[in-house]
Every structure is written in structure tokens, then in C-alpha cells.
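**Q** how would this look folded up:
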Amino acid sequence: MTYYDEIAVGYEELHREEQEKKLRIIKENLEVKKDDLLLDVGCGTGVTSNFDCNVTGLDPSSKLLEKCNLSIRLVKAKAENIPFDDSTFDIVVSVTAIQNFDDIEKGLREIRRVGKNRFALSFLKKSPKAGFIEKKIKELFKVEKRIEEDKDIIFILSAKHINK
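**A** Numbering: from 1, shown residues only. Predicted coordinates:
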């Protein structure tokens, strides 16, 4: 059982409001079309279901996925091993999850691999891994915008063509 499986019962109460605020910022800075395919990596309880497009949520926590909005497609998997083909999704988002990846660089490479050209990634700015995460994001993606929110740093990104 993971930490997020253990806190699943109170997850919404603990995090929903702050996650919704970050998602509003992302929506204001990322063009989302009705027919877009969006992947939410580390979807938790599925807050991205309020995006007006085709959303797939991916999370390693069974208990959080059980609490998800059933109107979105759900996949139990880790960011380091996303079970989709290259360039499947028009948009890939990951909100306050990157610092929890077992292998941050591998997870970011997987996000880039399954996305086409629009990404929104955030992480806790107080995380001891924040400097490393920001460095890897800048290596793997083209930064369109960097936004400092209360607790997170949010990046609006496009694909960067680099050697794998």
C-alpha cells in the first residue's frame, strides 16, 4: 500500500481546492480543444475531469483511482512506464506529482514520449528535488511559460526535439 492509498479517504478534503486552483492557471495558459486527447499523469482523484476534452487519468494508487470521476478513462500505472504509444496525446499534464516519481527523468521522458506538443507540468517548489526537476524539464521540453503559484512551479511547455 502506498502513501496515497493510505490517505485516499481524505485526499479530496486535503488537496482538491489547491489542485483546482493550479488547473485553472493551466487552463488559462494552455489552449484546450474539445476533441483533444489529454493525459493526466498522477491524476489522483481525477480533478482534470473538468477539462472539456477527452481525459485519461493515470495514477499508481488504486485507492485514489477508485475515488475518480467515472466520466474519464482511468489507467493504473506509474509515470515511468506509461502504457500508450508515442505521440498519443495532444496534451499531457502532471500536477504536483513529479516530485513523487521513483525516477524523475524517466517519468519526464515518458511524458514527452506520449505527448505531441502541449504539456503542463507542476511540482512543489519546496521539494528537495525542485532544482533537479526544473533542470530536467528545461532539458527535455521547450519552456513557453514558467508560473510561480503559492506552492507549485507550473510550466507550460512544448516539445523539444532532442536525441533520446
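**Q** Quick one: low-confidence residue ranges for this structure.
**A** Along the chain, the model assigns pLDDT under 70 to residues 1-17, 47-49, 69-70, 161-164.
**Q** Longest strand in the chain, by number of residues?
**A** Looking across the chain with DSSP state E, the single longest strand is strand 115-124.
**Q** other SSEs contacting that strand?
**A** helix 8-29, strand 89-94, helix 104-114, helix 130-140, strand 152-159 (3 or more CB pairs under 8 Å, 6 or more residues apart in numbering; DSSP states H and E). In short, each C-beta sits where N, CA and C put it, glycine included.
**Q** Which neighbouring elements make contact with the last one?
**A** What that stands for is strand 152-159. helix 8-29, strand 115-124, helix 130-140, strand 141-148.
**Q** Any idea how far it is from the middle of the chain?
**A** 10 Å (CA atoms, centre = their mean, to the nearest Å).
**Q** same deal with the shortest one?
**A** With CA atoms, centre = their mean as the basis, the distance from the averaged C-alpha position of strand 89-94 to the chain average is 7 Å.
**Q** Tell me the span between the first and last residue of stretch 86-98.
**A** 20 Å (CA to CA, to the nearest Å).
**Q** Please list the residues outside that stretch that contact it.
**A** 15, 19, 22-23, 26, 30, 32-33, 36-42, 44, 47-48, 53, 56, 79, 104, 107-108, 111, 113-124, 133, 151-152 (CB atoms under 8 Å, 6 or more residues apart in numbering).
**Q** And for stretch 77-85?
**A** Contacts with stretch 77-85, where a contact means CB under 8 Å, 6+ apart, come from 39, 41-42, 58-60, 75, 94, 97-98, 101-103, 106-107, 110-111, 113-114.
**Q** rerun at 10 Å
**A** Outside stretch 77-85, the residues that touch it by CB atoms under 10 Å, 6 or more residues apart in numbering are 37, 39, 41-42, 56, 58-60, 75-76, 88-89, 92, 94, 97-98, 100-111, 113-115.
**Q** Mind checking which of those are buried?
**A** Using 16 or more other CB atoms under 10 Å as the burial test, the contacts of stretch 77-85 include 37, 39, 41-42, 56, 58-60, 75, 88-89, 92, 94, 97-98, 100-101, 104, 107-111, 113-115 as buried.
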